[in-house]
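Trainee: From the sequence below, what's the structure:
(chains A and B)
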Amino acid sequence: MTWPDLSAMDPAQAFWTIAVGALSNASCAVLGCYLVLRRMSLLGDAISHAILPGIVLAFLLTGQTASGPMLLGAVGIGVLTAVVTQTLHVSGNVPEDASMGVVFTSLFALGVVLIALAPSNVDLDLDCVLMGRLEEVLVREPWLGVEVPLKFPSLLAVLAATAAFVTLFWKELKIASFDPALATAMGISAAVVHYLLMGMVAAATVAAFDAVGSVLVIAMLIVPAATAHLLTDRLGWMVGWSVVVAIISAVLGYLGDILFDTGVAGMMAVGAGLQFLLAVLLAPRHGLVSKLWHRLTLSLRIVSEDLVAVLYRFEETTGETQTAGVPWNLCRRIAGGGLTAWLAAPLLWWRGEVRPVSGGRLRLTPRGRQSAQSLVRSHRLWEAFLGEHFQLPLDHLHESAERVEHFIGPKLQQRLASDLHQPGRDPHGKEIPVAKEPE
Amino acid sequence: MIDYNTAVVLAGTSLLGAGAGLIGTFAVLRGRALLGDALGHAALPGVCLAFLMLGRRSLAAMLVGAWLTGVLGILVVAGLRRATRIKEDAAIGIVLSVFFGGGLALSRFIQTQAMQGSQAGLDTYIIGRAAGMLQGDLFWISAAALAALLAVIALFKEFRLVTFDTGFARVQGWPAASLDLLLMGLVSLIVVIGLPAVGAVLVAALLILPAAAARFWTERLGTMLAVAGAFGLVMGAAGTAISATVSRAPTGALIVLVGTCLFGASALFAPRRGAAARWVDHVRFRRRLREQAVWRAVYEATVNEAAVYEGTAPRRPAAPPIEPLRPIDTDELVQRTSYKSAQVQRVLRQAERTGLLTRQFDGRYLPTTAGLDRAARVTRGYRLWERFMSEQPELTGSFARLDVESADEVLSSQVVAELEAGLRALGRLPTVPGKGPSL
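Mentor: Numbers count the residues shown, from 1 in each chain, chains lettered A, B, ... in the order given. Next comes the predicted model:
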């Protein structure tokens, strides 16, 4: 396989492919946000399958798709799909997912059979149902004085309608998405919002269908919205991000097609999938890496705190602050022995809380002693508190204190101490240290 | 008449349908219907990758590839659900569309690279073409169907437990997770085996349609399995037969459409849960309510309850409460019941035929002793319910059945006695021979 020369691509084709792709993706993505939030992604999937027979019939009758009446018809079919699914589920006692599966596989199969039975001179085959014909953007006609691809005006109209719908019903959609019961109580009919949304989804789907095919429609309804959902917690930002993801998908799809000759539609879905994967890994709050980082820093903090506490207790038992220190191996074992235990000692050294002494041993610095005193103080105060208020046997105190000590700040320390009338010793008879400023 | 090839294909699709029906029953009941859909779509890139690696068609390799990416897809769904905030529906949609998009891109890539025998081979896996089935394929399909059957027979009790109450199964010490996994493994097996015949887009229908249709016919799992298996068999056989006569239509879509017809017929005409049966039930219910309303009106119009309450009338059990009875005309009943005149007359005429009412020369009606008895019983039942609903409004939803003539069948005798006492205190307890108020 040779790498095709990127400079050979036709700028006009590049521009219009990406423009048409971005337009259809964007309207799907915006509506998809509400589907994902309302946990109805698969209803969008079902609708995009279900409109196939309608499209085929209309195509056989009129020879074109995405005309005005067709859009209206599609809205009808979309609402009908939602209604039939709901009816089967509620009054037929069919599980909701199965009723969805029944409706959309049936209608899709009907569409496939209609295509197969169509006269052979009709220019509609399964490939273009699945993948669309984004490659045909070079067939252009003048519109408002500019040469634009055939589908451009209708896609633009649907995007404008979507934007208008979302803007006009922003509040209603938001409330109905997050709290349907509240919406109903406020006099916003959740059912009306639901069916309006389904109608809009169907319209966007039909408009996008011809350009990019059924697979991409499903991908664009769900993937950008889910990606945006990982990136933010605010609805406005989510809608914005989903549009950004949708547009980037269009660019990636086109580049993928140029590089690997794979068709634009499939590659757009893959491009969206890649962005989703990135979001899963790297999203600021909900990404796996950030979650992992938070967990790592937390366990590192706990382990290093445990470590200085161990060194401090050693000093306490030997009674001197200038001891030979504790062997590093022993420290590691006490700290749990894992990866964080390996990292903890260098970290503490870097922070100036411990310093290595001869023979692979560690010793507290004055600064380390101060933080250890604070931690041990928390530990023993908690033990005293438990012993005072819960009448637990002595051997039950340590375990709980070992966990809680890391989460007791100076304020809670003060309150515990004053609640217990500034105790000098814990229930085991050990001295409760006071963290002193290092000299 | 049937040539050898057709017989092979017919046998293959029938077995496939039967196996899918069995496994699909559990999948649908367990709420895994759409996971099968994701599996089917996610299998496509595996087929393409296997082809790319081998450079030629090989059914076994392609099915292994399909199984691998299909299972990967399911794992991604599970992983997304567990590790991120993405809900299951969105996860299914993402996997389904991105994997399928990737598969389409790969198949287009293979096509444009002009590798030998590419086009026709891969199309089969997208939309299915059972006509290409060979004897070797039949062997594998039979093996899979047999495996499904054996697993269902051997593990019937375990599967039933896991399907209906996973938590209980776990508490009882059954390896619920492994059983669930085994079930998912069987689903993936059926999906992969079904790919060449039905295609990635529609293969989920094989699992969903027979099971969802069978659900209408029975409340018992064993019966449901049998019915679903039979439906699957019919679906596969009939779809293939039709496809063999209408040569241009793809088998997969036709199999699905046959399934749709079975489902539609079940949903409409199944004995108890079907729409027709439910409609008949509904009509009967309305008629019973109407009859009861008329009999209540008869009672209230003929019996002077105020006289009974004030003690001016004789209170003798097992005797006509008040004499002489006041004849009633239809208009009065219409007014009292607020039903249409024709509806009331229908009830009255029937009562006349059965000897409960006698029609006087002036067109007015007089209840016979039996008729008065009926009227009193109906009124008593209704008032007991009325009182029950005002006394125990929170139990109304689960107990009250207004079409049951006497509350004694539903409520315990103690509750009935309490309600009767309440009514008697108000003077609203009708005297029913044998059940009348004892003095």
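Trainee: Give me the neighbour count for residue 89.
Mentor: All of this is about chain A. When neighbours are defined as other CB atoms under 10 Å in any protein chain shown, residue A:89 has 16 of them. Backbone N, C-alpha and C define where each C-beta goes, glycine included.
Trainee: The chain in question should be chain B.
Mentor: Neighbours around residue B:89, by other CB under 10 Å: 23.
Trainee: wait, isn't it in contact with residue A:38?
Mentor: No: applying CB atoms under 8 Å, one finds residue B:89 not in contact with residue A:38, separated by 9.5 Å.
Trainee: wait, what's in contact with the closest residue to residue B:100 other than its chain neighbours?
Mentor: Sequence neighbours aside, residue B:41 is the residue nearest to residue B:100 in space, at 4.1 Å (criterion: CB to CB, 6 or more residues apart in numbering or on different chains). Residue B:41 makes contacts with B:73, B:95, B:96, B:97, B:99, B:100, B:103, B:200, B:201, as judged by CB atoms under 8 Å, 6 or more residues apart in numbering or on different chains.
Trainee: how about JSON lines for these, with secondary structure, neighbour count and pLDDT added?
Mentor: Compiled in JSON lines, these are given as follows (DSSP: H, G, I helix; E, B strand; the rest coil; neighbours: other CB atoms under 10 Å in any protein chain shown; pLDDT from 0 to 100):
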{"residue": "B:73", "secondary structure": "helix", "neighbour count": "29", "pLDDT": "92"}
{"residue": "B:95", "secondary structure": "helix", "neighbour count": "27", "pLDDT": "93"}
{"residue": "B:96", "secondary structure": "helix", "neighbour count": "31", "pLDDT": "90"}
{"residue": "B:97", "secondary structure": "helix", "neighbour count": "30", "pLDDT": "90"}
{"residue": "B:99", "secondary structure": "helix", "neighbour count": "29", "pLDDT": "93"}
{"residue": "B:100", "secondary structure": "helix", "neighbour count": "30", "pLDDT": "91"}
{"residue": "B:103", "secondary structure": "helix", "neighbour count": "29", "pLDDT": "90"}
{"residue": "B:200", "secondary structure": "coil", "neighbour count": "31", "pLDDT": "83"}
{"residue": "B:201", "secondary structure": "coil", "neighbour count": "31", "pLDDT": "82"}
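Trainee: Out of those residues, which comes closest to chain A?
Mentor: residue B:97 (3.6 Å; CB to the nearest CB).
Trainee: Could you pull up the contacting residues of that closest one?
Mentor: Each residue near residue B:97 by CB under 8 Å, 6+ apart is listed here: A:45, A:215, A:216, A:218, A:219, A:222, A:223, A:269, A:273, B:41.
Trainee: go with 6 Å
Mentor: A:218, A:219, A:269 (CB atoms under 6 Å, 6 or more residues apart in numbering or on different chains).
Trainee: Over to residue A:427?
Mentor: By CB under 6 Å, 6+ apart, the residues touching residue A:427 are A:383, A:387, A:394.
Trainee: Put the buried members of these into a PyMOL selection.
Mentor: To isolate the buried subset of the contacts of residue A:427 in PyMOL, counting by 16 or more other CB atoms under 10 Å in any protein chain shown, use the following:
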select buried, chain A and resi 383+387
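Trainee: Now, the contacts of residue A:427 that are in helices?
Mentor: Counted as lying in helices by DSSP state H, out of the contacts of residue A:427, are A:383, A:387.
Trainee: Let me know the closest of the contacts of residue A:427 to chain B.
Mentor: residue A:394 (35.9 Å).
Trainee: Any stretches of chain B with poor pLDDT?
Mentor: B:1-2, B:114-121, B:130-134, B:247-248, B:304-325, B:402-403, B:405-406, B:432-439 (pLDDT under 70).
Trainee: and it, which residues reach chain A?
Mentor: Contact residues (CB under 6 Å from any CB of the partner chain) of chain B with chain A: B:28, B:33-34, B:84-87, B:89-90, B:93-94, B:97-98, B:100-102, B:104-105, B:108-109, B:112, B:127, B:202, B:204-205, B:208, B:212, B:248-250, B:253, B:256-257, B:260, B:263, B:267.
Trainee: one step back: lowest pLDDT pick from the contacts of residue A:427?
Mentor: pLDDT across the contacts of residue A:427 is lowest for residue A:394, at 80.
Trainee: Regarding chain B, what is its longest helix?
Mentor: Counting by DSSP H, the longest helix found in chain B is helix B:275-302.
Trainee: Show me which positions of it end up buried.
Mentor: For helix B:275-302, burial by neighbour count (16+ other CB under 10 Å) applies to B:275, B:290-302.
Trainee: Could you find the closest non-adjacent residue to the residue of the stretch 251-400 of chain A found nearest chain B?
Mentor: For the stretch 251-400 of chain A, the residue closest to chain B is residue A:269, as judged by CB to the nearest CB, at 2.4 Å. Among residues not flanking residue A:269 along the chain, residue B:101 sits closest, at 2.4 Å (CB to CB, 6+ apart).
Trainee: Show me which helix or strand of chain A is least confident by mean pLDDT.
Mentor: When each helix and strand of chain A is scored by mean pLDDT, DSSP states H and E, strand A:140-143 comes last, with a mean of 65.
Trainee: and the helix or strand just after that one, which strands flank it?
Mentor: Using DSSP states H and E, the helix or strand that follows strand A:140-143 towards the C-terminus is strand A:146-149. With DSSP bridges as the test, strand A:146-149 is paired with strand A:140-143 (antiparallel).
Trainee: Break chain A down into its domains, please.
Mentor: Using automatic domain parsing, the domain ranges for chain A come out as A:6-283, A:290-364.
Trainee: any idea which of the ones you listed is most buried?
Mentor: Per-stretch averages of neighbours, counted by mean count of other CB atoms under 10 Å in any protein chain shown, single out domain A:6-283 among those, with a mean of 21.
Trainee: And the helices in the stretch 1-150 of chain A, which stretches?
Mentor: A:11-37, A:41-62, A:68-91, A:96-117, A:126-131 (DSSP state H, counting those that start in this stretch).
Trainee: how about stretch B:43-53: buried residues?
Mentor: Under 16+ other CB under 10 Å, the buried positions of stretch B:43-53 are B:43, B:44, B:45, B:46, B:47, B:48, B:49, B:50, B:51.
Trainee: do the same with stretch B:256-271
Mentor: So, applying 16+ other CB under 10 Å, buried residues of stretch B:256-271: B:256, B:257, B:258, B:259, B:260, B:262, B:263, B:266, B:267, B:270.
Trainee: surely the second one meets residue A:111?
Mentor: Yep, that's residue B:257 we're talking about. No: using CB atoms under 6 Å, residue B:257 makes no contact with residue A:111, being 10.6 Å away.
Trainee: can I get the helices of the stretch 1-150 of chain A in CSV with mean pLDDT and distance to chain B?
Mentor: Below are the helices of the stretch 1-150 of chain A laid out as CSV (pLDDT from 0 to 100; distance: least, CB to the nearest CB, whole Å):
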stretch, mean pLDDT, distance to chain B
helix A:11-37, 88, 5
helix A:41-62, 80, 4
helix A:68-91, 77, 7
helix A:96-117, 85, 4
helix A:126-131, 71, 6
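Trainee: Switch the ones you listed over to a markdown table; also include distance to residue B:228.
Mentor: Putting the helices of the stretch 1-150 of chain A into a markdown table (distance: least, CB to CB, whole Å) gives the following:
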| stretch | distance to residue B:228 |
| --- | --- |
| helix A:11-37 | 31 |
| helix A:41-62 | 22 |
| helix A:68-91 | 17 |
| helix A:96-117 | 12 |
| helix A:126-131 | 29 |
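Trainee: Which of these sits closest to residue A:289?
Mentor: helix A:11-37 (22.0 Å; CB to CB).
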